[in-house]
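**Student:** Sharing a model prediction with you, sequence too.
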Amino acid sequence: MANEFTFSITTTRFDEDYAPSSSSRATTNFANLARGEHRQQNLRNALTMIDRRFNDLAHWDNPTRDRYTVELDIVSVEVQFAAAGEDQRFPLLEILDIQVVDLRTAERRHGIAGNNFSSYLRDFDFSVLLPAVNKDATTFTVPDDFGNLHGLLFQHFLDSAAYQERFPAAPVICVSVSTTKTYRRTENFHPVLGVEYRQEEFSLTDEYFGRMGLTVRYFMPIGAVAPLAFYFRGDLLNDYSNLQLIGTISTMETFQKIYRPELYNANSAAASVYRPSLEHQDYSRTQIAYDRVERNELALKQGKYTEEHFVTPHRAVLEHWAANHPTPVR
């Protein structure tokens, strides 16, 4: 159809020489780490933390804890569509792809795609649309269709040839648990993911990822101090190998220690009933600089950019496309 959306993918290696490209979202957490006087040391330290955590979890046949190294690629996705008589392009999202290298055998294994997740359209939804809806509201309000377009585009991307020809499995997104909810430890234990936590009410982030066709479960791996939220299609516990799961845990736990040390670098582990809070002071800082204030300021800036260059000028095209692409049942 004339307004069909297609996707193109580019990748950038995330290593100690990484520098954000002009097309990369400035709010992406990787770009934040790769700026400033100590940029290269930041990157080197983060990658070392990932490798050490990976080898700590993949300890079998690995007595010296140095058998594996993790290679990371930032995957940038651009959406293409027809509007106003010409082709239009817009940066849609960025995820992270993992390769696990066995230094003993030289074997390379594809890890899980996804992991980190950043999106211009999500910046618009959370930093522009939601504050506008609640500007004069007496109670916090979330529109009924909040996240629908973003969710449809994401699922359309996962079902596209661009994704399926490149990645052998569905993605897993791994982020911090919500500081507005309470999580309770269960008796369920996975040898890699660790102990499972559950909560009685979804957070706004859980619901937003639900619009993207992703289910959530919360696990605290062995050696971790707080549960992580895993968003996935399919069966998280059986669709991926142990090494694939370890790749996601080691990578995203490291980033969370940097981004949210109050939770993930706390000096004591989460209790059976866990209420995450960024107000806790009993934690250790990593030796890696990360500017959360700048990240929030840039989210607003890029949300407004999305409104100006994607949502507003192409509203009719987007609404027509969404109306003809109902959310698939999974």
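**Tutor:** Yep, that arrived. Residues are numbered from 1 along each chain as shown.
**Student:** From here on, just use CA atoms for contacts and neighbour counts.
**Tutor:** OK.
**Student:** distance of the residue nearest to residue 68 when sequence neighbours are not counted from residue 193?
**Tutor:** Residue nearest to residue 68 in three dimensions, not counting chain neighbours: residue 102, with 4.8 Å by Cα to Cα, 6 or more residues apart in numbering. To residue 193, residue 102 is 21 Å away according to Cα to Cα, to the nearest Å.
**Student:** swap in residue 246?
**Tutor:** Counting by Cα to Cα, the gap from residue 246 to residue 193 is 8 Å.
**Student:** what does residue 315 give?
**Tutor:** Distance from residue 315 to residue 193, by Cα to Cα: 42 Å.
**Student:** For the chain, just list every one of the strands.
**Tutor:** Using DSSP state E, the strands of the chain run over 6-14, 68-83, 86-102, 108-110, 114-119, 172-176, 183-190, 194-198, 215-220, 228-232, 273-274.
**Student:** in this structure, which helix or strand is least confident?
**Tutor:** helix 29-33 (a mean of 62; mean pLDDT, DSSP states H and E).
**Student:** which stretches of this structure form helices?
**Tutor:** Along the chain, counting by DSSP state H, helices occupy 29-33, 39-57, 120-124, 130-133, 148-158, 161-164, 204-211, 242-259, 261-264, 292-306, 315-323.
**Student:** any chance of those helices in CSV, with distance to residue 186 and mean neighbour count too?
**Tutor:** As requested, these are exported to CSV (distance: least, Cα to Cα, whole Å; neighbours: other Cα atoms under 10 Å):
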stretch, distance to residue 186, mean neighbour count
helix 29-33, 31, 20
helix 39-57, 21, 20
helix 120-124, 32, 25
helix 130-133, 34, 14
helix 148-158, 30, 20
helix 161-164, 35, 15
helix 204-211, 19, 18
helix 242-259, 19, 23
helix 261-264, 19, 24
helix 292-306, 32, 17
helix 315-323, 39, 15
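**Student:** So for residue 221, which of those sits nearest?
**Tutor:** Closest approach to residue 221 among these (Cα to Cα): helix 242-259, 7.9 Å.
**Student:** what does stretch 41-55 contact?
**Tutor:** For stretch 41-55, contacts defined as Cα atoms under 8 Å, 6 or more residues apart in numbering pick out 15-18, 33-34, 62, 65-70, 246-247, 249-251, 254-255, 287-289.
**Student:** Tell me the pLDDT of the closest residue to residue 221 other than its chain neighbours.
**Tutor:** Excluding the flanking residues, the one nearest residue 221 by Cα to Cα, 6+ apart is residue 194, at 3.9 Å. pLDDT recorded at residue 194 is 98.
**Student:** about what we covered before: make TSV out of the strands of the chain and add distance to residue 305 and mean neighbour count.
**Tutor:** Formatted as TSV, these follow (distance: least, Cα to Cα, whole Å; neighbours: other Cα under 10 Å):
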stretch	distance to residue 305	mean neighbour count
strand 6-14	20	16
strand 68-83	15	19
strand 86-102	11	19
strand 108-110	34	15
strand 114-119	12	20
strand 172-176	25	23
strand 183-190	36	15
strand 194-198	37	19
strand 215-220	30	21
strand 228-232	27	22
strand 273-274	37	16
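**Student:** can you pull the contacts of the residue nearest to residue 68?
**Tutor:** By Cα under 8 Å, 6+ apart, residue 102 lies in contact with 67, 68, 69, 108.
**Student:** a markdown table please, covering those and showing pLDDT and distance to residue 123.
**Tutor:** Output for those, formatted as a markdown table (pLDDT from 0 to 100; distance: Cα to Cα, whole Å):
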| residue | pLDDT | distance to residue 123 |
| --- | --- | --- |
| 67 | 98 | 39 |
| 68 | 98 | 35 |
| 69 | 98 | 32 |
| 108 | 97 | 35 |
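**Student:** In CSV: these, plus distance to residue 263.
**Tutor:** Converted to CSV, these look like this (distance: Cα to Cα, whole Å):
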residue, distance to residue 263
67, 29
68, 27
69, 26
108, 32
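**Student:** and the residues you listed, which two are the farthest apart?
**Tutor:** Applying Cα to Cα across those, the maximum distance is between 67 and 108, 12.2 Å.
**Student:** any idea how far residue 49 is from residue 69?
**Tutor:** Between residue 49 and residue 69 the computed distance is 11 Å (Cα to Cα).
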